[in-house]
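Trainee: here is my input; please provide its structure:
(one chain, ligands or ions: 1)
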Amino acid sequence: MKRRKLINHIATATGVATLAACGKTTTQTISTDTDSLPSVKWKMTTSWPRSLDTIFGGAQAVCDRVAAMTNGKFTITPYSAGEIVGGLEVLDAVQQGTVQCGHTASYYYVGKNSALAFGTSVPFGLTAQQQNAWYYHGGGLEIMHKLYSDFNIISFPAGNSGVQMGGWFRQEINTVSDLNGLSMRIPGFGGEVMKKLGVNTQVLPGGEIYLALERGAIDAAEWVGPHDDEKLGLHKAAKYYYYPGWWEPGPTFEVQVNLNEWKKLPKEYQEIFKSAAYQANINMLAQYDALNGAALAKLIAGGTELRPYSQEILQAAQKATFEFYEEKASQDSNFKEVYQQWKRFREQIYKWNTINELSFAQFTFNNSPN
Ligand code: CA
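Mentor: Residues are numbered from 1 along each chain as shown. Just a heads-up that it's a prediction; the model follows:
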């Protein structure tokens, strides 16, 4: 396949005529024909059970698109959590070269560098749309690449769930004091804020949540949203389903690639990989938005009790969140640098989205013409 044909093949496969790199659309010349490109076989470990078609599907989408766009010459096989390494060990496996790449969430690794949380989602942070704006045109991708260079990794957004749900509770919680002493599965900074509100927090991989909740080892658990939570069976282990997931307003999932392996790839494969990640990023969000409404209706019909977080809890959580950020910033200059950049971006986009998105949604979502 000659150069022009390869470009046409890519354009057809992705629906775009240009290749996107690092948030900036480029029209790089591809100088080699595919006959001279090598056969490459990679493994991708993930943080997800295979049963989650949406989130594991994000990993699968990257692999499928890469294979399709290279005419099967660059193949990546995705593995579920536990098949190669545990769901929370993806970064280590990619860093050490156990696998070439992984599909995971950066906030699982805040113990290694707390600023990694901004790559996924942080409490009272950015929605999916805002998160994409930060990543692709707000300096986010460059920040994450800098953070991950310490781990010999390069990462790209490759999925988003949209605003998540606020978790499953075995008992109703109305006040901050109701949270005190509860044991909850909640990772990342959401977990840190919950600790400030008196919750004992745990991080469990998705596949282990149901049993812990069902057996009463934990009192509450959050995962993603109706479609995924039902697949994990969480509605069978707890009755009350809270919203919104204020700690995860637009979590970005990502592909991580070992930098040595990345540098070995021909430029064409790097560009194809980036395009596949873009596509997975958009596709997962669309899939969640299309599926979650029906899944929620089914859960409610099956006896799930939907509850909004009270204003008291939301206000206390927001206050605790920004106290937590300020504390972190005062202790950790690395965190402070990312936080301050992110906070400026957040303030600006919140103002803009209050004018356009929120004003539209507030009236329209709540007012039927009939
Ligand atoms: Ca979650």
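Trainee: let me know whether the longest helix anywhere in the chain sits next to the ion.
Mentor: For the chain, the longest helix by residue count, based on DSSP state H, is helix 267-301. No. On the criterion Cβ under 5 Å from the ion, helix 267-301 is out of touch with the ion, staying 12.0 Å away. (C-beta placed from N, C-alpha, C; glycine too.)
Trainee: after that helix comes which helix or strand?
Mentor: Remark: after helix 267-301, the chain's next helix or strand is strand 305-308, criterion DSSP states H and E.
Trainee: buried residues, the helix or strand just after that next one. List them.
Mentor: Once strand 305-308 ends, the next helix or strand along the chain (criterion: DSSP H and E) is helix 311-331. Neighbour counts over helix 311-331 (16 or more other Cβ atoms under 10 Å) mark Ile313, Ala316, Ala317, Ala320, Thr321, Phe324, Tyr325, Lys328, Ala329 as buried.
Trainee: hmm, Trp246 and the third one touching each other?
Mentor: Yes. Here Ala317 lies in contact with Trp246, judged by Cβ atoms under 8 Å, at a distance of 5.9 Å.
Trainee: picking that back up, which other helices and strands does the longest helix of the chain contact?
Mentor: Here helix 267-301 touches helix 3-14, strand 19-21, helix 55-69, strand 74-79, strand 153-160, helix 226-232, strand 252-258, going by 3 or more Cβ pairs under 8 Å, 6 or more residues apart in numbering; DSSP states H and E.
Trainee: please repeat the previous calculation with a cut-off of 7 Å.
Mentor: helix 3-14, strand 19-21, helix 55-69, strand 153-160, helix 226-232 (3 or more Cβ pairs under 7 Å, 6 or more residues apart in numbering; DSSP states H and E).
Trainee: run through the stretch 251-370 of the chain and note the low-pLDDT ranges.
Mentor: Across the stretch 251-370 of the chain, nothing is flagged by pLDDT under 70.
Trainee: where does it get nearest to the ion, residue-wise?
Mentor: Pro251 (6.5 Å; Cβ to the ion).
Trainee: list phi and psi for that residue.
Mentor: Main-chain dihedrals, Pro251, degrees, to the nearest 10: phi -60, psi 130.
Trainee: ok, it touching Ser161?
Mentor: Yes. Between Pro251 and Ser161 there is a contact under Cβ atoms under 7 Å: 5.4 Å.
Trainee: what's the burial count for the residue nearest to Glu254 when sequence neighbours are not counted?
Mentor: Spatial nearest neighbour of Glu254, excluding adjacent residues (Cβ to Cβ, 6 or more residues apart in numbering): Ser155 at 4.7 Å. Counted by other Cβ atoms under 10 Å, the residues lying close to Ser155 total 25.
Trainee: what's near enough to touch Ser155?
Mentor: By Cβ atoms under 7 Å, 6 or more residues apart in numbering, Ser155 lies in contact with Met144, Tyr148, Glu254, Val255, Gln256.
Trainee: residues contacting the last one?
Mentor: Listed by Cβ under 7 Å, 6+ apart, the contact partners of Gln256 are Val90, Leu91, Val94, Cys101, Gly102, Thr104, Ile153, Ser155.
Trainee: of the helices and strands packed on helix 267-301, which shows the lowest average pLDDT?
Mentor: Among the helices and strands packed on helix 267-301, strand 19-21 carries the lowest mean pLDDT, at a mean of 41.
Trainee: mind listing what's buried in stretch 40-49?
Mentor: Across stretch 40-49, burial judged by 16+ other Cβ under 10 Å covers Val40, Trp42, Lys43, Met44, Thr45, Thr46, Ser47, Trp48, Pro49.
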